[in-house]
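Here is the input, now give the coordinates:
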Amino acid sequence: MATTWHREEPREVRPFFHAIDAAEALDGCGIRLFDGTDTRTETSYDLDEIDFKKLAPSVQILLADPGQWLPDGLSKDDLELVLVARHSFLKRSEPVHSISLVEQLPSEWSIGPEVLARMGGGRNLELTLALTLRTDREPSPGTPFVAGHWLARKSFLLRSRTMPTLFDLRTRKDEEWVAKGYPAKTFYAVEYIGGIDTELDEGASVATVWLHVDAHNRMVSSSLGEAMQPALAAEIISSILLESFKEWKDVDTVEAASPLSTLLKQLGKEKPLSLGGLKALVANPPLLKATLQDRLSVVAALK
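Next up is the predicted model:
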């Protein structure tokens, strides 16, 4: 098994037209979320808090015959298969498994409890299986040449129904907080951008959340992160709703693909929360925060 892994390049710099046949090589791969259940091939799953308590993900490896897609000039020895776990809220990413294509591929790769613990218990975890270049090569138009360039990939996102991904998380040091006019030991601050009631472009968010780098490091290096994440998310989401209210206080309907629509679904229980119900909560900030704490299972996380 390979012992190194290189971060893949962004999507927008991958014009590998000579490797286009490889793009669907991993399409047949799937994931089993719980012990004793069937493997599924969908790429996104909305889970409840009770589901994360029994989560035991295992990615099924079903690679198409390399003879059908291997680009000219590349051999199986040039490539490796990697499985990467990524958590956007905790700003954490780590390789879980990797193997050269010349080796016998396993039928599946499991994600153990220690990895899940480092990744917020699996809430809003993205697991990416990727076919990548192992070493640097001489540059050639349309062909991967940097270690980590990917030819094919498939991602599985395990989303928490009670923790919508509305914001981009970034960190600041003491001096950076001071330069922005905040006290040096500020824990977090929310900068609302806009657009909560409209459909966003892929990868966009409605707010940027700044977290003190020391707090962030503590959260990603211990079980503190799993315990603190729901409480912090409740505070952040309430701030976003309160600050954005002027944008949607007079609307009667919600755009189906908007973050606000997603929030209504996730804040409801048996059925989505009504727009009127959310407006009533925003008009009563303490009740809004209490509702978020309940739906995000804050008390249960403090175990």
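
Give me the helices and strands touching the helix or strand residue 97 falls within, please.
Per DSSP states H and E: residue 97 is located in strand 92-100. Judged by 3 or more Cβ pairs under 8 Å, 6 or more residues apart in numbering; DSSP states H and E, strand 92-100 is in contact with strand 79-87, helix 113-118. For glycine as for every other residue, the C-beta is placed from the backbone atoms N, C-alpha and C.

just how off-centre is the helix or strand following it within its chain?
The helix or strand immediately downstream of strand 92-100 is strand 108-110, counting by DSSP H and E. With Cα atoms, centre = their mean, to the nearest Å as the basis, strand 108-110 stands 19 Å off its chain's centre.

in the stretch 151-300 of the chain, which spans are strands?
With DSSP state E, counting those that start in this stretch as the criterion, the stretch 151-300 of the chain has strands at 167-172, 188-192, 207-212.

what's the most buried one of these?
Across the strands of the stretch 151-300 of the chain, averaging neighbours per residue (mean count of other Cβ atoms under 10 Å) puts strand 207-212 on top, at a mean of 20.

ok, that one: who's next to it in the sheet?
With DSSP bridges as the test, strand 207-212 is paired with strand 167-172 (parallel), strand 188-192 (antiparallel).

Identify all contacting residues around it.
For strand 207-212, contacts defined as Cβ atoms under 8 Å, 6 or more residues apart in numbering pick out 166-173, 177, 185-193, 236, 239-240.

switch to 7 Å and redo it
By Cβ atoms under 7 Å, 6 or more residues apart in numbering, the surrounding residues in contact with strand 207-212 are 166-172, 185-193, 236, 240.

what about the longest helix in the chain?
helix 224-248 (DSSP state H).

quick one on the thing from earlier: quick one, the strand holding residue 97 and strand 79-87 angle?
Calculated by axes from the mean of the first three to the mean of the last three Cα atoms, to 10 degrees, strand 92-100 forms an angle of 160 degrees with strand 79-87.

Only the buried residues of strand 92-100, if you could.
Buried residues in strand 92-100, counted by 16 or more other Cβ atoms under 10 Å: 92, 95-99.

wait, residue 186 sits on residue 177?
Yes: with contact defined as Cβ atoms under 7 Å, residue 186 and residue 177 form a contacting pair (4.8 Å).

Just the helices from the stretch 151-300 of the chain, written as ranges.
174-179, 213-221, 224-248, 259-267, 275-282, 285-295, 298-301 (DSSP state H, counting those that start in this stretch).

avg pLDDT for stretch 111-129?
Mean pLDDT, computed over stretch 111-129, is 88.

Would you mark the buried spots in that stretch?
Buried residues in stretch 111-129, defined by neighbour count with 16+ other Cβ under 10 Å: 111, 115-116, 118-129.

just to revisit the earlier point, quick one: which of the strands of the stretch 151-300 of the chain is nearest residue 148?
Nearest to residue 148, of all the strands of the stretch 151-300 of the chain, is strand 167-172, at 23.1 Å by Cβ to Cβ.

quick one, what contacts residue 197?
Residue 197 touches 247-248, 251, 254-255, 258, 260, counting by Cβ under 7 Å, 6+ apart.

again, but for residue 113
Neighbour list for residue 113: empty [criterion: Cβ under 7 Å, 6+ apart].
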